[in-house]
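> Need a 3D model of the sequence below.
(one chain, ligands or ions: 1)
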Amino acid sequence: MNTQQFEARKREHIQHSLDSAHQAQGLSGLDQIHLVHDALPELNLDEVRIHTKCLGKDLATPFYVAGMTAGHPDAVQINRLLALACQERGWAMGVGSQRRDLEMESGSFLDHWKKLREEVPHLVLFGNIGLAQLIHAPIHKIRRLVEELGAQALAVHVNALQEAIQPEGTPSFRGGLEALRFYCRELGFPVVLKETGCGFSRATLERLADIGLSAVDVSGLGGTHWGRIEGARAEKNSVHAQASATFANWGESTVSSVQSAAAVLPAGVEIWASGGVRSGLDSGKLIALGAHRVGYAKPALEAALAGPEQLRIWMETQEAELKIALFCTGSAHCQALRKKEGVWRVNVI
Ligand SMILES: Cc1cc2nc3c(=O)[nH]c(=O)nc-3n(C[C@H](O)[C@H](O)[C@H](O)COP(=O)(O)O)c2cc1C
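Take a look at the predicted model:
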């Protein structure tokens, strides 16, 4: 694929991701989770703290902006806005796929990030590469992507459904588990495995439990759905377009993925929750279910596109809503909410 085709695809991805038809709305499971109100919290709202440790680093919040397209020139300004805001507010941030930097001789996006890094030296940042690329890439090239970004970790994304439905996709995951095990051992940076909106089943997580991952970002069903987006990009009535409609609701919900992760992953593996997280209350629910960190992709993109002031208000809202959820459940901090017995129940309507 040449640079022009690559950029066109990334531009289409951004446009389609903003279309509500490509959101698996109502399927995250979050509407069914109810946090139990404590009418008598023994604390004041201004005592509530949301700071966390992220892979050993102190952060002011448990939030991150999940990795999004870094693949074309329009994204430079979006990335800059997000990076500045994330550093200022103590959010972590993932970059979008670095496949282009891996595969293309010219037009490297790393240069853009290196320049931006000078403006945000304290930002906790994650690199990003697809498992389909990781399986075949030489490790020194992958390590270089992480080092030159000044990243704290490498996020490896899995996106089987997207690759299968994308007309020019790479649905090649044979050898994936072994490659992950190798990278966890040899890379020299923490490895985070992330889905992209289809989540993880308990059975898959069991296979991942002891391979040395530092975190799993479940990115479950309930938000941006790449099966739907690739269907919109495919030719009308083509096999890919029809398969996209058939698989429009495919995936493991964000709620069930987090519950499975909490049941199966050892204590040393952080649970990150993304996929259809749309409020600070959603974040509180996921923390109560066992998540250490909560991520937003599409809402962060939308807020950044609306400008720096809207982005600030949106980020502040997520933080304020999480603090209210903590206060009204009588939890002084995120860890207290995670450990609280009986703090959530499944809604019976
Ligand atoms: C425009 C856009 C581009 C994305 N690009 C990437 C990517 O390059 N790598 C990746 O791991 N995930 C990518 N994602 C997936 C997100 O990180 C996230 O897993 C998914 O969108 C679910 O979160 P959401 O429902 O909050 O959007 C992208 C998401 C969006 C909206």
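> anything in stretch 278-291 near the ligand?
No - against the ligand, stretch 278-291 shows no contacts by C-beta under 6 Å from any ligand atom, the least distance being 7.6 Å. Using the backbone N, CA and C atoms, a C-beta is placed for each residue, glycine as well.
> Could you shift the numbering so residue one becomes 19, and keep it that way?
Got it, first residue is 19 now, which makes that one stretch 296-309.
> Look up how far the ligand lies from residue 298.
When distances are taken as C-beta to the nearest ligand atom, to the nearest Å, residue 298 and the ligand turn out to be 14 Å apart.
> thought that residue was touching residue 336?
Yes - with contact taken as C-beta atoms under 8 Å, residue 298 and residue 336 are classed as touching, separated by 4.4 Å.
> how about the residue in the stretch 219-367 of the chain that the ligand sits nearest to, what does it touch?
Here the stretch 219-367 of the chain gets closest to the ligand at one residue, residue 241, 1.9 Å apart by C-beta to the nearest ligand atom. Contacts for residue 241 (C-beta atoms under 8 Å, 6 or more residues apart in numbering) come out as 41-42, 46, 215, 272, 292-296, 315-316.
> Does residue 360 touch residue 54 like I think?
Yes - under the criterion of C-beta under 8 Å, residue 360 is in contact with residue 54, at a separation of 6.6 Å.
> Tell me which of these two has more neighbours.
Neighbours were counted for residue 360 and for residue 54 using other C-beta atoms under 10 Å; residue 54 has more, 13 against 6.
> show me the contacts for the residue nearest to residue 287 when sequence neighbours are not counted.
Of all residues beyond its chain neighbours, the one nearest residue 287 is residue 231 (5.6 Å), with distances taken as C-beta to C-beta, 6 or more residues apart in numbering. Remark: with contacts taken as C-beta under 8 Å, 6+ apart, residue 231 is in contact with 198, 202, 209-211, 287.
> So which residues on the stretch 119-268 of the chain come close to the ligand?
Counting by C-beta under 6 Å from any ligand atom, the residues of the stretch 119-268 of the chain near the ligand are 146, 175, 212, 214-215, 237, 241-242.
> Narrow those to those in strands?
146, 175, 212 (DSSP state E).
> residues near the first one, how many?
The reference is to residue 146. The number of residues near residue 146, taken as other C-beta under 10 Å, comes to 27.
> and if you look at the last one?
Burial of residue 212, expressed as a neighbour count using other C-beta under 10 Å, amounts to 26.
> That one and residue 174 touch, don't they?
Yes - using C-beta under 8 Å, residue 212 makes contact with residue 174 at a distance of 7.0 Å.
> before we move on, the earlier item: most surrounded residue in the contacts of residue 241?
Counting by other C-beta under 10 Å, top hit in those: residue 293 with 37 neighbours.
> Give me the residues contacting the longest helix along the chain.
When secondary structure is assigned using DSSP state H, the longest helix within the chain turns out to be helix 326-346. Defining contact as C-beta under 8 Å, 6+ apart, one finds that helix 326-346 is touched by 53, 55-56, 59, 61, 63, 66, 68, 79-81, 99-100, 102-103, 107, 109, 297-299, 301-303, 305, 314, 317-318, 321-322, 350-352, 354-355.
> Which of those residues fall in strands?
Mapping the contacts of helix 326-346 onto strands (DSSP E) picks out 53, 81, 314.
> Including distance to the ligand, could those residues go into TSV?
Below are the ones in strands among the contacts of helix 326-346 laid out as TSV (distance: C-beta to the nearest ligand atom, whole Å):
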residue	distance to the ligand
53	20
81	12
314	5
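> Now pLDDT, distance to residue 29 and neighbour count too, for those, in a markdown table please.
Compiled in a markdown table, the ones in strands among the contacts of helix 326-346 are given as follows (pLDDT from 0 to 100; distance: C-beta to C-beta, whole Å; neighbours: other C-beta atoms under 10 Å):
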| residue | pLDDT | distance to residue 29 | neighbour count |
| --- | --- | --- | --- |
| 53 | 98 | 39 | 20 |
| 81 | 98 | 27 | 27 |
| 314 | 98 | 21 | 26 |
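> with these in mind, which one is nearest to residue 252?
Closest approach between the ones in strands among the contacts of helix 326-346 and residue 252, by C-beta to C-beta: residue 314, at 27.2 Å.
> Verify the stated contact: the closest one with residue 294.
No - using C-beta under 8 Å, residue 314 is not in contact with residue 294, being 9.6 Å away.
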